[in-house]
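Participant: here is my input; please provide its structure:
(2 chains, ligands or ions: 3)
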Amino acid sequence: MFNSSIGRKVAMALSGVFLIVFLAQHFLINITSVFSEEIFNLLSHFMGNNPLVQFVLQPILIAGVLFHFIMGFVLDWQNRKARPVSYAMYKGSKNSMFVSRNMIISGIVVLSFLGLHFYDFWIPEMDYKYIKSLPEDPNRYYKELVHRFENPYRVGLYCFSFVFLALHLVHGLSSSTQSLGTNNKYSEIIKKISYIFGISIPLGFCFIALFHFITFYNT
Amino acid sequence: MKLFLKIWRQKNNQAKGKIVDYEIDEISPDMSFLEMMDVLNEKIIEEDGDPVAFDHDCREGICGSCSMFINGEPHGPDKLITTCQLHMRRFKDGDTIYIEPFRAKAFPIIKDLVVDRSAFDRIQQSGGFISINTSGNTLDANTIPIEKEYADKAFDAATCIGCGACVASCKNSSAMLFVSAKVSQFSLLPQGRVEATDRVINMVNQMDEEGFGNCTNTGACHVECPKGISLDYIAKLNREYVKANLKK
Ligand code: HEM
Ligand code: SF4
Ligand code: FES
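Facilitator: Ligands and ions are numbered 1, 2, ... in the order given. Next comes the predicted model:
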(Lines give C-alpha, C1' and ligand atoms only; values in the text may rest on other atoms or scores of the structure.)
(Ligands and ions follow the chains in the order given, each with its own letter.)
Protein backbone atom coordinates (compact mmCIF):
# COMPACT_ATOMS: atom_id res chain seq x y z
CA MET A 1 0.00 0.00 0.00
CA PHE A 2 2.79 2.47 0.85
CA ASN A 3 4.23 2.37 -2.65
CA SER A 4 1.05 3.94 -4.03
CA SER A 5 0.44 7.68 -4.20
CA ILE A 6 -2.36 7.54 -1.64
CA GLY A 7 -0.34 5.28 0.64
CA ARG A 8 2.56 7.69 0.62
CA LYS A 9 0.23 10.58 1.38
CA VAL A 10 -1.29 8.69 4.28
CA ALA A 11 2.21 7.99 5.63
CA MET A 12 3.08 11.65 5.16
CA ALA A 13 -0.03 12.70 7.06
CA LEU A 14 0.58 10.22 9.89
CA SER A 15 4.18 11.39 10.32
CA GLY A 16 3.00 15.02 10.18
CA VAL A 17 0.37 14.45 12.84
CA PHE A 18 2.93 12.64 14.97
CA LEU A 19 5.27 15.64 14.69
CA ILE A 20 2.42 17.95 15.64
CA VAL A 21 1.71 15.95 18.78
CA PHE A 22 5.39 16.18 19.64
CA LEU A 23 5.35 19.91 18.93
CA ALA A 24 2.41 20.42 21.30
CA GLN A 25 4.18 18.51 24.05
CA HIS A 26 7.41 20.44 23.43
CA PHE A 27 5.47 23.69 23.67
CA LEU A 28 3.74 22.75 26.92
CA ILE A 29 7.10 22.04 28.55
CA ASN A 30 8.76 25.19 27.24
CA ILE A 31 5.95 27.50 28.24
CA THR A 32 6.52 26.57 31.90
CA SER A 33 9.89 28.35 31.65
CA VAL A 34 7.98 31.62 31.40
CA PHE A 35 6.44 31.34 34.84
CA SER A 36 8.39 28.78 36.82
CA GLU A 37 12.09 27.94 36.76
CA GLU A 38 11.47 24.96 39.08
CA ILE A 39 8.78 23.30 36.99
CA PHE A 40 10.80 23.80 33.80
CA ASN A 41 13.89 22.25 35.39
CA LEU A 42 11.88 19.40 36.81
CA LEU A 43 10.27 18.54 33.46
CA SER A 44 13.50 18.97 31.50
CA HIS A 45 15.43 16.83 33.93
CA PHE A 46 12.78 14.14 33.59
CA MET A 47 12.74 14.28 29.78
CA GLY A 48 16.53 14.34 29.62
CA ASN A 49 17.15 11.43 31.94
CA ASN A 50 14.19 9.10 31.71
CA PRO A 51 15.40 6.01 29.82
CA LEU A 52 12.01 5.50 28.15
CA VAL A 53 12.10 9.05 26.75
CA GLN A 54 15.79 8.94 25.87
CA PHE A 55 16.10 5.52 24.32
CA VAL A 56 12.61 4.79 23.00
CA LEU A 57 10.71 8.01 22.32
CA GLN A 58 13.68 10.08 21.14
CA PRO A 59 14.78 7.58 18.45
CA ILE A 60 11.15 7.27 17.30
CA LEU A 61 10.93 11.04 17.04
CA ILE A 62 14.17 11.30 15.07
CA ALA A 63 12.97 8.55 12.74
CA GLY A 64 9.68 10.41 12.35
CA VAL A 65 11.41 13.65 11.41
CA LEU A 66 13.73 11.88 8.97
CA PHE A 67 10.86 9.99 7.39
CA HIS A 68 8.73 13.11 7.08
CA PHE A 69 11.21 15.31 5.32
CA ILE A 70 12.71 12.58 3.13
CA MET A 71 9.20 11.60 2.03
CA GLY A 72 8.44 15.31 1.53
CA PHE A 73 11.36 15.58 -0.88
CA VAL A 74 10.37 12.36 -2.67
CA LEU A 75 6.77 13.53 -3.16
CA ASP A 76 7.89 16.95 -4.34
CA TRP A 77 10.33 15.40 -6.81
CA GLN A 78 7.63 13.08 -8.18
CA ASN A 79 5.19 15.96 -8.46
CA ARG A 80 7.66 18.05 -10.44
CA LYS A 81 8.30 15.10 -12.75
CA ALA A 82 4.55 14.83 -13.45
CA ARG A 83 4.70 18.10 -15.43
CA PRO A 84 7.94 18.14 -17.45
CA VAL A 85 7.08 21.29 -19.44
CA SER A 86 5.68 24.09 -17.33
CA TYR A 87 3.06 26.64 -18.33
CA ALA A 88 4.08 30.02 -19.73
CA MET A 89 1.23 31.50 -17.69
CA TYR A 90 0.06 29.78 -14.52
CA LYS A 91 -2.22 31.51 -12.02
CA GLY A 92 -2.08 29.31 -8.95
CA SER A 93 -3.36 32.10 -6.74
CA LYS A 94 -6.71 31.97 -8.55
CA ASN A 95 -7.52 28.53 -7.22
CA SER A 96 -5.40 27.67 -4.21
CA MET A 97 -3.61 29.07 -1.18
CA PHE A 98 0.04 30.06 -1.36
CA VAL A 99 0.88 27.95 1.70
CA SER A 100 -0.57 24.82 0.13
CA ARG A 101 1.50 25.23 -3.02
CA ASN A 102 4.74 25.84 -1.15
CA MET A 103 4.90 23.17 1.55
CA ILE A 104 8.37 22.21 0.35
CA ILE A 105 9.63 25.79 0.85
CA SER A 106 8.18 26.15 4.35
CA GLY A 107 9.41 22.60 5.03
CA ILE A 108 12.97 23.44 3.98
CA VAL A 109 13.01 26.52 6.23
CA VAL A 110 11.76 24.39 9.13
CA LEU A 111 14.42 21.80 8.29
CA SER A 112 17.17 24.43 8.37
CA PHE A 113 15.79 25.61 11.66
CA LEU A 114 15.93 22.04 12.99
CA GLY A 115 19.63 22.02 12.04
CA LEU A 116 20.21 25.17 14.06
CA HIS A 117 18.06 23.89 16.90
CA PHE A 118 20.02 20.63 17.09
CA TYR A 119 23.25 22.59 17.11
CA ASP A 120 21.94 24.83 19.91
CA PHE A 121 20.37 22.30 22.24
CA TRP A 122 20.53 18.70 21.19
CA ILE A 123 24.23 18.39 20.33
CA PRO A 124 25.40 20.18 23.53
CA GLU A 125 22.99 17.97 25.48
CA MET A 126 24.37 14.75 23.94
CA ASP A 127 27.88 16.04 24.51
CA TYR A 128 27.12 16.85 28.14
CA LYS A 129 25.46 13.55 28.92
CA TYR A 130 27.07 10.91 26.77
CA ILE A 131 30.44 12.20 25.53
CA LYS A 132 31.78 14.29 28.37
CA SER A 133 29.55 12.34 30.80
CA LEU A 134 29.37 15.29 33.17
CA PRO A 135 27.53 14.78 36.44
CA GLU A 136 23.85 15.62 36.17
CA ASP A 137 22.74 18.92 37.69
CA PRO A 138 18.93 18.98 37.77
CA ASN A 139 18.93 22.78 37.91
CA ARG A 140 21.04 23.51 34.82
CA TYR A 141 18.26 23.48 32.18
CA TYR A 142 16.68 26.84 32.84
CA LYS A 143 20.06 28.61 32.83
CA GLU A 144 21.05 26.92 29.58
CA LEU A 145 17.78 27.96 27.96
CA VAL A 146 17.99 31.59 29.06
CA HIS A 147 21.62 31.78 28.01
CA ARG A 148 20.73 30.73 24.43
CA PHE A 149 18.16 33.47 24.08
CA GLU A 150 20.55 36.27 25.05
CA ASN A 151 21.68 36.44 21.43
CA PRO A 152 19.42 38.71 19.36
CA TYR A 153 20.41 37.00 16.09
CA ARG A 154 19.36 33.63 17.41
CA VAL A 155 16.07 35.01 18.68
CA GLY A 156 15.52 36.65 15.29
CA LEU A 157 16.27 33.43 13.41
CA TYR A 158 14.01 31.44 15.70
CA CYS A 159 11.09 33.81 15.23
CA PHE A 160 11.67 33.90 11.47
CA SER A 161 11.53 30.11 11.35
CA PHE A 162 8.41 29.98 13.49
CA VAL A 163 6.62 32.10 10.89
CA PHE A 164 7.42 29.41 8.32
CA LEU A 165 6.41 26.70 10.76
CA ALA A 166 3.05 28.43 11.05
CA LEU A 167 2.75 28.55 7.26
CA HIS A 168 3.57 24.83 7.15
CA LEU A 169 1.07 23.91 9.83
CA VAL A 170 -1.80 26.07 8.62
CA HIS A 171 -2.02 23.93 5.51
CA GLY A 172 -0.42 20.78 6.92
CA LEU A 173 -2.86 20.09 9.69
CA SER A 174 -6.07 20.43 7.69
CA SER A 175 -4.39 18.67 4.77
CA SER A 176 -3.50 15.69 6.92
CA THR A 177 -7.12 15.23 7.96
CA GLN A 178 -8.06 15.18 4.26
CA SER A 179 -5.27 12.69 3.49
CA LEU A 180 -6.51 10.47 6.30
CA GLY A 181 -9.96 10.54 4.78
CA THR A 182 -11.95 12.48 7.36
CA ASN A 183 -14.74 14.30 5.65
CA ASN A 184 -17.93 14.53 7.60
CA LYS A 185 -19.95 17.03 9.53
CA TYR A 186 -16.87 17.92 11.59
CA SER A 187 -14.57 18.84 8.69
CA GLU A 188 -15.27 22.58 8.90
CA ILE A 189 -14.51 22.59 12.62
CA ILE A 190 -11.36 20.52 12.05
CA LYS A 191 -10.24 23.11 9.52
CA LYS A 192 -10.80 25.97 11.96
CA ILE A 193 -8.95 24.13 14.72
CA SER A 194 -6.05 23.52 12.28
CA TYR A 195 -5.79 27.24 11.61
CA ILE A 196 -5.93 28.21 15.26
CA PHE A 197 -3.45 25.53 16.30
CA GLY A 198 -1.15 26.12 13.33
CA ILE A 199 -0.81 29.78 14.18
CA SER A 200 -0.91 29.72 17.97
CA ILE A 201 1.76 27.08 18.60
CA PRO A 202 4.48 28.86 16.55
CA LEU A 203 3.32 32.17 18.00
CA GLY A 204 3.70 30.66 21.46
CA PHE A 205 7.25 29.49 20.71
CA CYS A 206 8.04 32.97 19.42
CA PHE A 207 6.68 34.44 22.62
CA ILE A 208 8.89 32.18 24.76
CA ALA A 209 12.04 33.18 22.85
CA LEU A 210 11.18 36.89 23.02
CA PHE A 211 10.17 36.64 26.67
CA HIS A 212 13.57 35.34 27.73
CA PHE A 213 15.37 37.79 25.45
CA ILE A 214 13.49 40.79 26.84
CA THR A 215 13.72 39.66 30.47
CA PHE A 216 17.46 39.20 30.05
CA TYR A 217 17.96 42.75 28.79
CA ASN A 218 15.65 44.22 31.44
CA THR A 219 17.38 42.65 34.41
CA MET B 1 -12.35 44.11 -30.30
CA LYS B 2 -8.67 43.60 -30.92
CA LEU B 3 -6.75 40.88 -29.11
CA PHE B 4 -3.16 39.73 -28.78
CA LEU B 5 -2.96 35.96 -28.59
CA LYS B 6 -0.03 33.93 -27.36
CA ILE B 7 -0.67 30.38 -28.46
CA TRP B 8 1.39 27.23 -27.92
CA ARG B 9 2.25 25.72 -31.30
CA GLN B 10 3.78 22.27 -31.55
CA LYS B 11 3.80 20.19 -34.77
CA ASN B 12 3.63 16.80 -33.11
CA ASN B 13 4.53 14.95 -29.97
CA GLN B 14 8.23 14.82 -30.78
CA ALA B 15 8.65 18.38 -32.03
CA LYS B 16 9.76 21.22 -29.80
CA GLY B 17 6.93 23.65 -29.34
CA LYS B 18 6.89 27.36 -28.68
CA ILE B 19 4.54 30.23 -27.98
CA VAL B 20 3.58 32.05 -31.20
CA ASP B 21 2.07 35.56 -31.20
CA TYR B 22 -1.08 36.35 -33.17
CA GLU B 23 -3.05 39.54 -33.54
CA ILE B 24 -6.73 39.30 -34.22
CA ASP B 25 -9.22 42.08 -34.91
CA GLU B 26 -12.98 42.54 -35.12
CA ILE B 27 -13.84 39.97 -32.50
CA SER B 28 -17.39 40.39 -31.26
CA PRO B 29 -17.98 40.17 -27.49
CA ASP B 30 -20.90 37.86 -28.28
CA MET B 31 -18.67 35.22 -29.76
CA SER B 32 -17.74 32.18 -27.76
CA PHE B 33 -14.06 31.54 -27.15
CA LEU B 34 -14.06 28.65 -29.62
CA GLU B 35 -15.72 30.85 -32.27
CA MET B 36 -12.88 33.30 -31.77
CA MET B 37 -10.49 30.38 -32.38
CA ASP B 38 -12.45 29.51 -35.54
CA VAL B 39 -12.05 33.09 -36.79
CA LEU B 40 -8.34 32.95 -36.06
CA ASN B 41 -7.98 29.65 -37.93
CA GLU B 42 -9.84 31.00 -40.97
CA LYS B 43 -7.44 33.90 -41.04
CA ILE B 44 -4.44 31.55 -40.72
CA ILE B 45 -5.79 29.34 -43.53
CA GLU B 46 -6.32 32.37 -45.79
CA GLU B 47 -2.68 33.24 -45.23
CA ASP B 48 -1.74 29.64 -46.19
CA GLY B 49 -0.70 28.81 -42.67
CA ASP B 50 -1.29 25.73 -40.54
CA PRO B 51 -4.43 26.27 -38.42
CA VAL B 52 -4.20 25.86 -34.64
CA ALA B 53 -5.33 22.37 -33.69
CA PHE B 54 -7.70 22.29 -30.71
CA ASP B 55 -10.16 19.76 -29.33
CA HIS B 56 -13.91 20.41 -29.27
CA ASP B 57 -17.08 18.47 -29.86
CA CYS B 58 -20.37 19.31 -28.16
CA ARG B 59 -19.69 23.02 -27.61
CA GLU B 60 -22.23 22.99 -24.80
CA GLY B 61 -20.24 21.92 -21.78
CA ILE B 62 -21.02 18.21 -21.69
CA CYS B 63 -18.35 16.30 -23.60
CA GLY B 64 -15.30 17.69 -21.83
CA SER B 65 -13.08 17.73 -24.89
CA CYS B 66 -12.37 21.48 -25.20
CA SER B 67 -9.20 21.47 -23.14
CA MET B 68 -7.41 24.82 -23.18
CA PHE B 69 -5.35 26.53 -20.54
CA ILE B 70 -6.37 30.15 -20.90
CA ASN B 71 -4.51 32.94 -19.12
CA GLY B 72 -3.16 30.63 -16.45
CA GLU B 73 -6.32 28.64 -15.75
CA PRO B 74 -7.98 25.62 -17.37
CA HIS B 75 -11.09 26.69 -19.29
CA GLY B 76 -10.22 30.34 -18.66
CA PRO B 77 -11.06 32.81 -15.91
CA ASP B 78 -14.71 31.88 -15.27
CA LYS B 79 -15.63 29.16 -12.81
CA LEU B 80 -17.92 26.16 -13.37
CA ILE B 81 -17.74 26.32 -17.15
CA THR B 82 -15.78 24.70 -19.96
CA THR B 83 -13.88 26.59 -22.67
CA CYS B 84 -16.78 26.25 -25.10
CA GLN B 85 -19.01 28.07 -22.60
CA LEU B 86 -16.57 30.95 -22.21
CA HIS B 87 -17.48 34.12 -24.07
CA MET B 88 -15.37 36.94 -25.45
CA ARG B 89 -17.28 39.51 -23.39
CA ARG B 90 -15.16 38.22 -20.53
CA PHE B 91 -12.17 39.96 -22.19
CA LYS B 92 -11.41 43.59 -22.98
CA ASP B 93 -10.27 45.26 -26.16
CA GLY B 94 -6.49 45.10 -26.32
CA ASP B 95 -6.14 42.13 -23.91
CA THR B 96 -3.32 39.64 -24.24
CA ILE B 97 -4.52 36.03 -23.93
CA TYR B 98 -2.25 33.06 -23.31
CA ILE B 99 -3.63 29.83 -24.76
CA GLU B 100 -1.76 26.65 -23.84
CA PRO B 101 -2.50 22.93 -23.85
CA PHE B 102 -3.32 21.09 -20.61
CA ARG B 103 0.11 20.14 -19.35
CA ALA B 104 0.98 16.87 -17.66
CA LYS B 105 3.34 14.03 -18.37
CA ALA B 106 0.30 11.76 -18.45
CA PHE B 107 -1.37 13.96 -21.11
CA PRO B 108 1.15 13.97 -23.97
CA ILE B 109 0.63 16.65 -26.62
CA ILE B 110 -0.63 15.36 -29.97
CA LYS B 111 -0.54 18.71 -31.76
CA ASP B 112 -0.74 22.35 -30.64
CA LEU B 113 -3.52 22.44 -28.02
CA VAL B 114 -4.67 18.85 -28.46
CA VAL B 115 -3.54 16.45 -25.79
CA ASP B 116 -3.97 12.71 -25.45
CA ARG B 117 -6.21 12.05 -22.46
CA SER B 118 -6.54 8.32 -22.99
CA ALA B 119 -4.85 7.87 -19.59
CA PHE B 120 -8.32 8.69 -18.19
CA ASP B 121 -9.87 5.99 -20.40
CA ARG B 122 -7.39 3.43 -19.11
CA ILE B 123 -8.20 4.40 -15.52
CA GLN B 124 -11.90 3.92 -16.30
CA GLN B 125 -11.25 0.57 -17.96
CA SER B 126 -9.36 -0.63 -14.90
CA GLY B 127 -12.45 -0.41 -12.69
CA GLY B 128 -14.89 2.36 -13.55
CA PHE B 129 -17.80 0.05 -14.27
CA ILE B 130 -20.12 -2.49 -12.71
CA SER B 131 -20.37 -6.05 -14.02
CA ILE B 132 -23.96 -6.92 -14.81
CA ASN B 133 -25.71 -9.44 -16.95
CA THR B 134 -26.97 -7.68 -20.07
CA SER B 135 -28.16 -10.79 -21.88
CA GLY B 136 -31.83 -9.85 -21.87
CA ASN B 137 -32.95 -10.46 -18.30
CA THR B 138 -31.42 -7.31 -16.82
CA LEU B 139 -32.86 -6.20 -13.51
CA ASP B 140 -34.42 -2.74 -13.57
CA ALA B 141 -32.12 -0.48 -11.54
CA ASN B 142 -35.12 1.26 -9.97
CA THR B 143 -36.21 -1.91 -8.17
CA ILE B 144 -33.36 -1.43 -5.70
CA PRO B 145 -34.21 1.23 -3.11
CA ILE B 146 -31.43 3.78 -2.55
CA GLU B 147 -31.38 6.50 0.11
CA LYS B 148 -31.83 9.94 -1.44
CA GLU B 149 -28.65 11.23 0.20
CA TYR B 150 -26.52 8.56 -1.47
CA ALA B 151 -28.33 8.78 -4.79
CA ASP B 152 -27.65 12.53 -4.83
CA LYS B 153 -24.00 12.14 -3.91
CA ALA B 154 -23.48 9.45 -6.52
CA PHE B 155 -25.16 11.65 -9.09
CA ASP B 156 -22.99 14.64 -8.20
CA ALA B 157 -19.90 12.47 -8.67
CA ALA B 158 -21.24 11.18 -11.97
CA THR B 159 -21.44 14.70 -13.40
CA CYS B 160 -17.65 14.59 -13.96
CA ILE B 161 -17.14 14.91 -17.72
CA GLY B 162 -13.54 13.68 -17.70
CA CYS B 163 -12.22 16.95 -19.08
CA GLY B 164 -8.91 16.88 -17.23
CA ALA B 165 -9.08 20.44 -15.88
CA CYS B 166 -8.34 19.05 -12.43
CA VAL B 167 -5.04 17.62 -13.67
CA ALA B 168 -4.23 20.76 -15.66
CA SER B 169 -4.78 23.11 -12.74
CA CYS B 170 -3.04 21.00 -10.11
CA LYS B 171 0.55 22.02 -9.46
CA ASN B 172 1.31 18.30 -9.15
CA SER B 173 -0.74 17.18 -12.17
CA SER B 174 -2.68 14.92 -9.85
CA ALA B 175 -5.75 13.10 -11.14
CA MET B 176 -7.24 12.52 -7.71
CA LEU B 177 -10.41 14.55 -8.27
CA PHE B 178 -11.27 12.67 -11.45
CA VAL B 179 -10.51 9.27 -9.93
CA SER B 180 -12.36 10.09 -6.73
CA ALA B 181 -15.46 11.05 -8.71
CA LYS B 182 -15.30 7.95 -10.87
CA VAL B 183 -14.79 5.66 -7.87
CA SER B 184 -17.50 7.33 -5.79
CA GLN B 185 -20.21 7.37 -8.44
CA PHE B 186 -20.26 3.57 -8.19
CA SER B 187 -19.23 2.87 -4.63
CA LEU B 188 -22.01 5.06 -3.21
CA LEU B 189 -24.64 2.80 -4.78
CA PRO B 190 -25.55 -0.77 -3.79
CA GLN B 191 -24.86 -2.06 -7.31
CA GLY B 192 -21.36 -0.61 -7.12
CA ARG B 193 -20.52 -1.86 -3.63
CA VAL B 194 -20.07 -5.44 -4.87
CA GLU B 195 -16.82 -4.69 -6.69
CA ALA B 196 -15.80 -1.68 -4.59
CA THR B 197 -12.62 -3.18 -3.09
CA ASP B 198 -11.01 -4.20 -6.37
CA ARG B 199 -12.26 -1.11 -8.14
CA VAL B 200 -10.57 1.41 -5.88
CA ILE B 201 -7.29 -0.50 -5.79
CA ASN B 202 -7.17 -1.03 -9.55
CA MET B 203 -8.12 2.52 -10.44
CA VAL B 204 -5.58 4.06 -8.07
CA ASN B 205 -2.89 1.68 -9.35
CA GLN B 206 -3.68 2.66 -12.93
CA MET B 207 -3.65 6.35 -11.98
CA ASP B 208 -0.16 5.93 -10.49
CA GLU B 209 1.05 3.96 -13.50
CA GLU B 210 0.01 6.73 -15.86
CA GLY B 211 2.42 9.13 -14.13
CA PHE B 212 0.04 11.61 -12.50
CA GLY B 213 1.47 13.42 -9.46
CA ASN B 214 0.54 13.04 -5.79
CA CYS B 215 -2.23 15.10 -4.21
CA THR B 216 -1.10 17.91 -1.89
CA ASN B 217 -4.67 18.97 -1.06
CA THR B 218 -4.25 22.43 -2.55
CA GLY B 219 -7.86 22.31 -3.72
CA ALA B 220 -7.10 23.88 -7.13
CA CYS B 221 -8.89 21.00 -8.92
CA HIS B 222 -12.19 21.65 -7.18
CA VAL B 223 -12.07 25.38 -7.92
CA GLU B 224 -11.28 24.85 -11.60
CA CYS B 225 -13.55 21.84 -12.17
CA PRO B 226 -16.34 22.87 -14.57
CA LYS B 227 -18.71 20.60 -12.67
CA GLY B 228 -17.59 21.69 -9.19
CA ILE B 229 -16.77 18.15 -8.02
CA SER B 230 -16.25 18.36 -4.24
CA LEU B 231 -12.97 17.67 -2.43
CA ASP B 232 -14.96 15.43 -0.11
CA TYR B 233 -14.76 12.77 -2.81
CA ILE B 234 -10.95 12.82 -2.52
CA ALA B 235 -11.15 12.27 1.24
CA LYS B 236 -13.64 9.49 0.55
CA LEU B 237 -11.26 7.96 -2.01
CA ASN B 238 -8.40 8.03 0.52
CA ARG B 239 -10.61 6.34 3.08
CA GLU B 240 -11.84 3.71 0.65
CA TYR B 241 -8.35 2.98 -0.59
CA VAL B 242 -6.96 2.42 2.91
CA LYS B 243 -9.94 0.24 3.87
CA ALA B 244 -9.64 -1.80 0.68
CA ASN B 245 -5.97 -2.44 1.36
CA LEU B 246 -6.66 -3.50 4.93
CA LYS B 247 -9.29 -5.93 3.65
CA LYS B 248 -7.03 -7.46 0.99
C1 HEM C 1 7.97 20.09 13.30
C2 HEM C 1 8.10 19.94 12.05
C3 HEM C 1 7.00 19.56 11.05
C4 HEM C 1 5.67 19.33 11.22
C5 HEM C 1 4.88 19.38 12.51
C6 HEM C 1 5.11 19.01 9.92
C7 HEM C 1 3.79 18.72 9.66
C8 HEM C 1 3.26 18.43 8.43
C9 HEM C 1 1.92 18.04 8.16
C10 HEM C 1 0.83 17.82 9.19
C11 HEM C 1 1.80 17.86 6.82
C12 HEM C 1 0.53 17.48 6.06
C13 HEM C 1 0.54 16.08 5.58
C14 HEM C 1 -0.55 15.87 4.55
O15 HEM C 1 -0.73 16.70 3.68
O16 HEM C 1 -1.22 14.86 4.60
C17 HEM C 1 3.05 18.16 6.23
C18 HEM C 1 3.31 18.13 4.87
C19 HEM C 1 4.54 18.36 4.31
N20 HEM C 1 5.74 18.55 4.99
FE21 HEM C 1 5.92 18.80 6.96
N22 HEM C 1 6.10 19.07 8.99
C23 HEM C 1 7.28 19.39 9.65
C24 HEM C 1 8.53 19.51 9.09
C25 HEM C 1 8.82 19.36 7.74
C26 HEM C 1 10.15 19.44 7.20
C27 HEM C 1 11.43 19.64 7.99
C28 HEM C 1 10.04 19.26 5.86
C29 HEM C 1 11.23 19.27 4.96
C30 HEM C 1 11.28 19.38 3.71
C31 HEM C 1 8.61 19.09 5.56
C32 HEM C 1 8.07 18.91 4.30
C33 HEM C 1 6.73 18.71 4.04
C34 HEM C 1 6.15 18.64 2.72
C35 HEM C 1 6.90 18.76 1.39
C36 HEM C 1 4.79 18.40 2.89
C37 HEM C 1 3.74 18.29 1.80
C38 HEM C 1 3.57 16.91 1.34
C39 HEM C 1 2.46 16.85 0.35
O40 HEM C 1 1.33 17.16 0.70
O41 HEM C 1 2.72 16.49 -0.80
N42 HEM C 1 7.91 19.14 6.74
N43 HEM C 1 3.95 18.49 7.23
S1 SF4 D 1 -13.27 16.13 -11.81
FE2 SF4 D 1 -14.00 18.03 -12.82
S3 SF4 D 1 -12.10 18.87 -13.70
FE4 SF4 D 1 -11.67 16.73 -13.27
S5 SF4 D 1 -12.14 15.61 -15.12
FE6 SF4 D 1 -14.02 15.58 -13.89
S7 SF4 D 1 -15.19 17.36 -14.58
FE8 SF4 D 1 -13.11 17.66 -15.34
S1 FES E 1 -16.77 21.16 -26.51
FE2 FES E 1 -17.83 19.72 -25.26
S3 FES E 1 -17.49 20.51 -23.26
FE4 FES E 1 -16.62 22.05 -24.52
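Participant: by mean pLDDT, flag the weakest helix or strand of chain B.
Facilitator: helix B:190-193 (a mean of 93; mean pLDDT, DSSP states H and E).
Participant: give me the contacts around that helix.
Facilitator: Helix B:190-193 is contacted by residues B:130, B:132, B:141, B:144, B:146, B:154, B:185-187, B:199 when judged by Cβ atoms under 8 Å, 6 or more residues apart in numbering or on different chains. Where C-beta positions appear, they are placed from N, C-alpha and C, glycine not excepted.
Participant: make CSV out of the residues you listed and add neighbour count, pLDDT and secondary structure.
Facilitator: Listed next are the contacts of helix B:190-193 as CSV, based on neighbours: other Cβ atoms under 10 Å in any protein chain shown; pLDDT from 0 to 100; DSSP: H, G, I helix; E, B strand; the rest coil:
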residue, neighbour count, pLDDT, secondary structure
B:Ile130, 14, 93, coil
B:Ile132, 11, 84, coil
B:Ala141, 11, 79, helix
B:Ile144, 10, 90, coil
B:Ile146, 15, 94, coil
B:Ala154, 18, 97, helix
B:Gln185, 20, 97, helix
B:Phe186, 23, 97, helix
B:Ser187, 22, 96, helix
B:Arg199, 23, 98, helix
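Participant: just name the closest of those to chain A, please.
Facilitator: B:Ser187 (13.1 Å; Cβ to the nearest Cβ).
Participant: so what's the closest one closest to, chain neighbours aside?
Facilitator: B:Ala196 (4.5 Å; Cβ to Cβ, 6 or more residues apart in numbering or on different chains).
Participant: that neighbour touches B:Leu189, doesn't it?
Facilitator: No - contact criterion Cβ atoms under 8 Å: B:Ala196 and B:Leu189 do not qualify, at 9.9 Å.
Participant: tell me where the chain has helices.
Facilitator: Since you didn't name a chain, this refers to chain A. Secondary structure of chain A, counting by DSSP state H: helices at A:5-35, A:37-49, A:51-52, A:58-81, A:98-101, A:103-117, A:123-126, A:140-148, A:152-179, A:187-218.
Participant: try chain B instead
Facilitator: With DSSP H as the criterion, chain B has helices at B:33-46, B:118-125, B:148-158, B:165-169, B:176-187, B:190-193, B:196-209, B:220-224, B:232-247.
Participant: pull out the buried positions in stretch A:209-219.
Facilitator: A:209, A:211-213 (16 or more other Cβ atoms under 10 Å in any protein chain shown).
Participant: include distance to ligand 1 and pLDDT when you put those into TSV, please.
Facilitator: Formatted as TSV, these follow (distance: Cβ to the nearest ligand atom, whole Å; pLDDT from 0 to 100):
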residue	distance to ligand 1	pLDDT
A:Ala209	16	96
A:Phe211	21	95
A:His212	21	95
A:Phe213	22	95
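Participant: run through the residues of chain B sitting next to ligand 3.
Facilitator: With the criterion set to Cβ under 6 Å from any ligand atom, chain B comes near ligand 3 through B:56-59, B:61-66, B:82-84.
Participant: need the max-distance pair from those.
Facilitator: B:Ile62 and B:Thr83 (12.8 Å; Cβ to Cβ).
Participant: which of these two has more neighbours?
Facilitator: B:Thr83 (29 against 14; other Cβ atoms under 10 Å in any protein chain shown).
Participant: the more buried one against B:Ile70, yeah?
Facilitator: Yes - in this structure, B:Thr83 is within contact of B:Ile70 by Cβ under 8 Å, at 6.8 Å.
Participant: overlap of the contact sets of the two?
Facilitator: Counting by Cβ under 8 Å, 6+ apart, the shared contacts of B:Thr83 and B:Ile70 are B:33, B:76.
Participant: spell out which parts of chain A neighbour chain B.
Facilitator: For chain A, the residues in contact with chain B (Cβ under 8 Å from any Cβ of the partner chain) are A:1, A:4-10, A:75, A:78-79, A:81-92, A:94-97, A:100-101, A:103, A:171, A:174-175, A:178-183, A:187.
Participant: what subset of the contacts of helix B:190-193 is also close to ligand 2?
Facilitator: Okay, of the contacts of helix B:190-193, nothing touches ligand 2 (Cβ under 6 Å from any ligand atom).
Participant: and the residue most central in space within chain A, what pLDDT?
Facilitator: Using Cα atoms, centre = their mean, the residue of chain A that lies closest to the mean C-alpha position is A:Leu23, 5.6 Å off. What the model reports as pLDDT for A:Leu23 is 96.
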